[in-house]
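Enquirer: give me a 3D structure for the following:
(2 chains)
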Amino acid sequence: MKPFFITTAIDYTNAPPHIGHAYEKILADVLARYQRLRGREVFFLTGVDQHGQKVQQSAEREGIPPQEFADRISGTFLSLWKTLGISYDAWAATTAPLHRESVRAILSDLKERDWLYKATYSGHYSIRQEQFLTDKERGPDGEFGPEWGEVVLLDEENWYFRLSKCSEWLASFLESHPEFVSPGFRHTELSNAATKITGDLCISRPKSRLSWGIEFPFDSNFVTYVWFDALINYISFAGYGSRSEEGAAFRRRWPCDQHVIGKDILIPAHGVYWPCMLHAMGFADEEMPKLLVHGFWSLKGEKVSKSTGNVVDPAALAEIYGPTALRYYLMRDAVMGQDADFSEERLLLRHNTELGNGLGNLVNRTLSMTRRYREGSPNLVPLPADLSAHLEADAVTVKAFIAEMDAAQIHAGIETMVELVNRANALVDSAAPWKLAKDPEQADRLDAVLATLILSARTAATLLQPVAPDAANEILRQIGLPAISLDEETAIGTLPPGYVCGEPKPVFPRLEMQETGAPAA
RNA sequence: GCCAGUAUAGCUCAGCGGUAGAGUAGGGGACUCAUAAGCCCUUGGUCGCAGGUUCGAAUCCUGCUACUGGCACCA
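Expert: Predicted structure coming up:
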C-alpha cells in the first residue's frame, strides 16, 4: 500500500505562530498518528515559506540578511512543533537548495513546453509600498489614498503562466472529482468560484523590486513570486524530479492524500493554481491530490488579528496548560471545516471533565482496585456474558472510531472514545468491585470485572493516542499493556498470562485557570 | 450583485416528515474503588420570524431578518 502522504500549509516566516498555525499542524499530526496506528506508513510534510517581500523588508528594517531573519522566525515554529509533539517526517524550508533547484527545473520544463511567456503589464504603481495597485486599493472617491504615497504609471515586464489554458480542464476535473475538496461545501464553493477566475497568472517579480526569491533559470533578472515557489514545496520535498532514491520514493508517495489547509488559501491558490500547475507539469487527473480545508479560530466571537491585539499565543498556552490539554481541546471543540471560538474556560472544561474525571479517573480507580484486591494481577477467568457483551460494545466503538477518523472527523472520533469511557465508568458502579471483594464466592466475578475494566481502559487509551500521544502512552505504561492494534479486525484482546498492572498516578491533574498574559477583551 | 452556509435548552452541538435530543452547566439521590472524581434521577427550548405544502414540519417550499464565507463589483 502506498504511504499515507499528508501535508500542511507552509507558514510564512514574517511573524511568529498563532493559534491557527498550531491548530492546523495538530490536525495534520493527529491524522498522521492515526494512520501510523492503523499500521500504515506515513509521510508527513510541513514547513515554512521563507521567501518574499515582507521577509525582505523586515530583515532590512533590522539590518540583517533575509536568511537570518527567516531562520529566526522559522526557529519559533520549529520550537513550537517540538513542544506540541508534531511528528513530521520532512521539513520544507523553501530556501533549501533542493527546493530551489526543483522550482527552477519545473520552470525550465514549463517554459520549454510553452506554458510560460513574458509580457508587459502597465498600471498604477506605489513607490512607497513597492507594489502595483489595483482598483481594490482606490478609495471611495476613486483616487488612491495618501497611504500609498506617490503613485505613478509604470510598465513592467514579467513572466506569466498560461492559467487560462487550463480553465476547461479544471471545470471538468472539478465536476468529475467531487472528492477533490472536503468538506463538500468547500468543493461547491470552489466550483462556483473557479469559473470566474480568468486570465493568466503572473509568477515573477523583477529583481529590482524583489531580490529575496528563487531566480528564474532562464532569465536572471527575475525571481519566482509566491505561489509558484510555495506550492511546489509539496512535491519538491517529497522527492519530485530527483534521480536518486528520493525520486522513487516520490512515485510511491504521490498523490498527496491530504493537503491540510485553511479556508483562506483554498481559492484561488490550492483550488485553482495548484491543480493547474500539476496539470501543466503532466500529472494525470488520477494523480491530483486531495484538499482538506479547515476553519478558523475566533476569540470571543472576534476575528483574531494582530491589529486588535487579540492574538492567542499557543506557546504560552502549551506552557501553562500543557500540550495534552491544548491538543485535546483544539481537536475536540472544532467541527472539521467549521470555525470555532477559542476560550480557556472550554479548554479547561474539556480537559477536566472528559480527560480527568472521565478517562483519568477510570484508569486510576481500575488500577487502584486491581492492586488493592488482586495485588495488580487478576486471575485469568472466562468472562460471563454481560462482560463479554461489554467488550463487544467496545469493539463496535472502535469500528465507529475508525470510520470517523478515516473521514477526518476527529471531533467525532474523540466522542466515540468518550462514550467508551462513560460506559466503563458506569460498569464500575453497576458491578461494584468493592462489594464483590467482600464476598469470597464472588472471587471469579471480581477477577472478570477487573480484567474487563483494564481492557476497556486500554482501548480508550489507544483511541486517545493520535490526539494525546504522551498521555495515552503514560496510561498504557501504568496499565502495563501495549496499545491494541487497529490494523485488522479489531481485537479487544485478553490479559496475557502473568499480567501485573502498574501503579496508578493521575495522568490528567485538574487544571485551574491561569493568567496567560493575553489581553482581556 | 451572484453563489454557498448557519440560526434548536445558559454554553457546545446532534436530529433533517411522524408526540423535541446529547454533553456541559443547575437541582436531587444512593454509593465509596477513585483526581471532592464516578453512578442514577431531574429542572430547562412556542427548534430566528412570517406564510405555504401535508393527516402530520426543526425537518420540504416561498419570503423576511441576523450572522458567516467565497466570487465579482467597488466608475
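Enquirer: wait, residue A:352 touches residue A:510, no?
Expert: Yes - counting by Cβ atoms under 8 Å, residue A:510 is a contact partner of residue A:352 at 5.5 Å. Glycine gets a C-beta too; all of them are placed from N, C-alpha and C.
Enquirer: so for those two, which sits in the more crowded spot?
Expert: The residue with more neighbours, out of residue A:352 and residue A:510, is residue A:352; 18 against 11, by other Cβ atoms under 10 Å.
Enquirer: tally of neighbours for the residue of chain A found nearest RNA strand B?
Expert: Ranking the residues of chain A by distance to RNA strand B (Cβ to the nearest atom of the strand) places residue A:360 first, at 1.8 Å. The number of residues packed around residue A:360, counting by other Cβ under 10 Å, is 23.
Enquirer: wait, what's in contact with it?
Expert: Listed by Cβ atoms under 8 Å, 6 or more residues apart in numbering, the contact partners of residue A:360 are A:506-508.
Enquirer: would TSV of the residues you listed with secondary structure, neighbour count and pLDDT be doable?
Expert: Compiled in TSV, the contacts of residue A:360 are given as follows (DSSP: H, G, I helix; E, B strand; the rest coil; neighbours: other Cβ atoms under 10 Å; pLDDT from 0 to 100):
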residue	secondary structure	neighbour count	pLDDT
A:506	coil	11	94
A:507	coil	23	95
A:508	coil	25	95
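Enquirer: those residues: which ones sit near RNA strand B?
Expert: By Cβ under 7 Å from any atom of the strand, the members of the contacts of residue A:360 lying near RNA strand B are A:506-508.
Enquirer: residue A:291 contacts residue A:181, correct?
Expert: Yes - in terms of Cβ under 8 Å, residue A:291 counts as a neighbour of residue A:181; the distance is 4.6 Å.
Enquirer: pull up the overlap in contacts between the two.
Expert: By Cβ under 8 Å, 6+ apart, the residues touching both residue A:291 and residue A:181 are A:266, A:271.
Enquirer: and the contacts of residue A:360 as TSV, adding distance to residue A:19?
Expert: Supplementary listing: the contacts of residue A:360 in TSV, determined by distance: Cβ to Cβ, whole Å:
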residue	distance to residue A:19
A:506	27
A:507	25
A:508	22
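Enquirer: if we can go back for a sec, any idea how far the nearest residue to the residue of chain A closest to RNA strand B once chain neighbours are set aside is from residue A:317?
Expert: If the residues on either side of it in the chain are set aside, residue A:360 comes closest to residue A:508, at 4.0 Å by Cβ to Cβ, 6 or more residues apart in numbering. Distance check for residue A:508 against residue A:317: by Cβ to Cβ, to the nearest Å, it reads 16 Å.
Enquirer: same question for residue A:463.
Expert: Residue A:463 sits 24 Å away from residue A:317, going by Cβ to Cβ.
Enquirer: for those two, indicate the residue with more neighbours.
Expert: The residue with more neighbours, out of residue A:463 and residue A:317, is residue A:463; 28 against 24, by other Cβ under 10 Å.
Enquirer: check what pLDDT that one gets.
Expert: The model reports residue A:463 with a pLDDT of 95.
Enquirer: now it: how far from residue A:340?
Expert: Computed with Cβ to Cβ, the distance linking residue A:463 and residue A:340 is 22 Å.
Enquirer: residue A:150 now?
Expert: Counting by Cβ to Cβ, the gap between residue A:150 and residue A:340 amounts to 44 Å.
Enquirer: same thing with residue A:193?
Expert: Taken as Cβ to Cβ, the spacing of residue A:193 relative to residue A:340 amounts to 24 Å.
Enquirer: pretty sure residue A:121 contacts residue A:153?
Expert: No - under the contact definition of Cβ under 8 Å, residue A:121 does not touch residue A:153, with a separation of 11.3 Å.
Enquirer: can you give me the strands for the stretch 201-350 of chain A?
Expert: Taking DSSP state E, counting those that start in this stretch as the criterion, the stretch 201-350 of chain A contains strands spanning A:201-202, A:204-206, A:215-216, A:219-224, A:258-262, A:291-294, A:297-299, A:302-303, A:340-342.
Enquirer: give me whichever of those is most buried.
Expert: The highest average neighbour count among the strands of the stretch 201-350 of chain A, using mean count of other Cβ atoms under 10 Å, belongs to strand A:291-294 at a mean of 24.
Enquirer: how about that one as PDB, C-alpha atoms only?
Expert: Only the C-alpha atoms of strand A:291-294 are listed here, as PDB (Å, rounded to 0.1, in the frame of the first residue of the first chain):
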ATOM      1  CA  LEU A 291      -7.600  19.000  -0.100                       C
ATOM      2  CA  LEU A 292      -8.800  19.100   3.500                       C
ATOM      3  CA  VAL A 293     -10.000  22.600   4.400                       C
ATOM      4  CA  HIS A 294     -10.300  23.600   8.000                       C
END
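Enquirer: who does it pair up with?
Expert: strand A:181-182 (parallel), strand A:258-262 (parallel) (DSSP bridges).
Enquirer: in a markdown table: those, plus distance to RNA strand B and mean pLDDT.
Expert: Compiled in a markdown table, the strands paired with strand A:291-294 are given as follows (distance: least, Cβ to the nearest atom of the strand, whole Å; pLDDT from 0 to 100):
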| stretch | distance to RNA strand B | mean pLDDT |
| --- | --- | --- |
| strand A:181-182 | 12 | 87 |
| strand A:258-262 | 10 | 92 |
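Enquirer: many thanks, have a good one.
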